[in-house]
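Trainee: Sequence and computational prediction follow.
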Amino acid sequence: MAMPMYSRTCTDNVKSGKVLLGLTDEDLELGLGINNPLHRRKLRLAIEDYRQAEQNGQGLCKASEMDTHWVCKVWLGEVGLPQYGQAFQSQLVDGRTLGSLTRRDLENLLTVSDQQHQNSLLLAIQLLHILNFDREALQMRRSQCEEKSVDPLVWTTQRVIKWIRDIDLKEFADSLLNSGVHGALMVMDPSFNADSLAKTLGIPTHRHMLLRHLHEELNTLLSPARGIQPQECEKQGTPTHSPANTHSPANTHSPANTHSPANTHSPANTHSPAKTHSPGAMIRLSEERSSLRQTAGKSPLKFIPRFPGGRALSFHGDEQVKAPPRNKGSPLHTHTHTHTHSSPLHTRTHTNTHSSPLHCYSGIEITNV
């Protein structure tokens, strides 16, 4: 598991494999001190894998053969994003964890802020799901297309660079280094086209002949692959919605919000795993519920806000407001009121003495504001 930092607390608290299989996400955090969410997920996915292997007797999943070293040093290099190796290494991402990653995980936990790089990683993970994380099958298909421009779905970034050189654009080929452009992105992302590839390659817009040549070559390469890819996904039981349109605990939209074969949901948060209750989906749900339990609760501000005058916010003016007393001899002393309460606008008829300044005054006043 490559997690020696937790071995001591595990030895002190976990006395048997049965206890280990029964640990929850909360147990791992509070009991074993595993505060890193991806470290907890990695351990729980491994526990679930061992539990299923014991139940069905078919052994561990293929993803268990992909350790952290392979993911960080080999896989990230193949998809053209080796610059994220250190971030993946610090999070101890292995094959099981890789299959559960969402866009939110990439952005918040693995420092992948570039949206195109997120799309690249999610589609590369989707390819692993299509092949059931079988490294041997992946390498076999890649070896068969190393010298032929076929099966671009499994191409690495290095193979794409070779193809660029083969179509007489070698002066731009090195621009694809660390770009995240690989075969799965080219085939499964519906927004990927000759214009986006030309932009990545750095081909000037005024070189129309080169752009036309690239368009024709790319169309010849991708058209057959994009026709076959939905059938391959269906055969493997993989959803055909783009991971770029992931609603994962990462629930963000792809640049091209279409339902074409290339627009596939992330393996970590696809409709298919949700229906089959995959271990990764259930573990992420458990993490979210645990987070909600920790943040839920009443506000510590237990007071009723009041106005400076002392009235609570619930005051509606129901209290009767009395008029100030009037002294005898006041011009308003003989002021009398006749109220009509049948309307919100109370009609007042004023009868004043002849000596009052308000003689013959009458009017309508709003008495309930």
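Mentor: Yes, it's here. Numbering: from 1, shown residues only.

Trainee: what stretches of the chain score poorly on pLDDT?
Mentor: 231-369 (pLDDT under 70).

Trainee: quick one, strands of it?
Mentor: Here the chain has its strands, by DSSP state E, at 347-348, 363-364.

Trainee: Check which residues of stretch 42-51 are buried.
Mentor: Lys42, Leu43, Arg44, Leu45, Ala46, Ile47, Glu48, Asp49 (16 or more other Cβ atoms under 10 Å). For every residue, glycine as well, the C-beta is placed using N, CA and C.

Trainee: Also stretch 65-73?
Mentor: Quick answer for stretch 65-73 (16+ other Cβ under 10 Å): Met66, Thr68, Val71, Cys72.

Trainee: Tell me the spacing between the third one and Gln229.
Mentor: As for Val71, its distance to Gln229 is 24 Å (criterion: Cβ to Cβ, to the nearest Å).

Trainee: repeat for the first one
Mentor: Taking Cβ to Cβ as the measure, Met66 and Gln229 are separated by 23 Å.

Trainee: next one: the last one
Mentor: If you measure Cys72 against Gln229 using Cβ to Cβ, the figure is 28 Å.

Trainee: got the contact list for Leu60?
Mentor: Each residue near Leu60 by Cβ atoms under 8 Å, 6 or more residues apart in numbering is listed here: Asp49, Tyr50, Ala53.

Trainee: Can I get these in JSON lines including distance to Gly22?
Mentor: Shown next, in JSON lines, are the contacts of Leu60 (distance: Cβ to Cβ, whole Å):
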{"residue": "Asp49", "distance to Gly22": "15"}
{"residue": "Tyr50", "distance to Gly22": "12"}
{"residue": "Ala53", "distance to Gly22": "16"}
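
Trainee: ok, so of the residues you listed, who is nearest Gly31?
Mentor: Tyr50 (18.8 Å; Cβ to Cβ).

Trainee: before we move on, the earlier item: please flag which of the contacts of Leu60 sit within helices.
Mentor: Using DSSP state H, Asp49, Tyr50, Ala53 are the members of those that sit in helices.

Trainee: In terms of distance to His206, which of these ranks first?
Mentor: Of all the ones in helices among the contacts of Leu60, Asp49 has the smallest distance to His206: 54.7 Å, by Cβ to Cβ.

Trainee: surely that closest one meets Asp94?
Mentor: No: applying Cβ atoms under 8 Å, one finds Asp49 not in contact with Asp94, separated by 10.9 Å.

Trainee: joint contacts of these two?
Mentor: Joint contacts of Asp49 and Asp94 (Cβ under 8 Å, 6+ apart) are Ala63, Ser64.

Trainee: all helices for the stretch 51-200 of the chain, in order.
Mentor: 68-69, 76-78, 85-90, 95-100, 103-108, 115-130, 135-144, 157-166, 170-173, 183-188, 194-201 (DSSP state H, counting those that start in this stretch).

Trainee: how about those, which one is nearest Val19?
Mentor: In terms of Cβ to Cβ, the element of the helices of the stretch 51-200 of the chain nearest to Val19 is helix 95-100, at 20.9 Å.

Trainee: Neighbours of Arg104, how many?
Mentor: 20 (other Cβ atoms under 10 Å).

Trainee: nope, Thr102 is what I was after
Mentor: Residues lying near Thr102 (other Cβ under 10 Å) number 27.

Trainee: now Arg226
Mentor: 18.

Trainee: repeat for Val187
Mentor: 25.

Trainee: how much space between it and Asn36?
Mentor: 34 Å.

Trainee: tell me which of the ones in helices among the contacts of Leu60 is nearest to Gln126?
Mentor: Nearest member of those to Gln126, counting by Cβ to Cβ, is Asp49, at 20.2 Å.

Trainee: tell me the contacts of the closest one?
Mentor: Leu60, Cys61, Ala63, Ser64, Arg96, Pro279.

Trainee: Got a ChimeraX select line for the buried ones in these?
Mentor: Command for ChimeraX that selects the buried part of the contacts of Asp49, burial taken from 16+ other Cβ under 10 Å:
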select :61,63,64,96,279
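
Trainee: And the contacts of Asp49, which is closest to Ser196?
Mentor: Nearest member of those to Ser196, counting by Cβ to Cβ, is Ala63, at 30.5 Å.

Trainee: Just list the residues touching the closest one, thanks.
Mentor: Per Cβ under 8 Å, 6+ apart, neighbours of Ala63: Asp49, Asp94, Gly95, Arg96, Leu98, Gly99, Leu128, Phe133.

Trainee: Name the surrounding residues that touch stretch 80-87.
Mentor: Under Cβ under 8 Å, 6+ apart, the answer for stretch 80-87 is 72-73, 76, 110-112, 117, 120-121, 156-157, 160, 176-182.

Trainee: Then stretch 157-167?
Mentor: 77-80, 142, 145-146, 149, 152, 155, 170, 172-174, 176-177, 179-183, 186, 201, 213-214, 217, 221.
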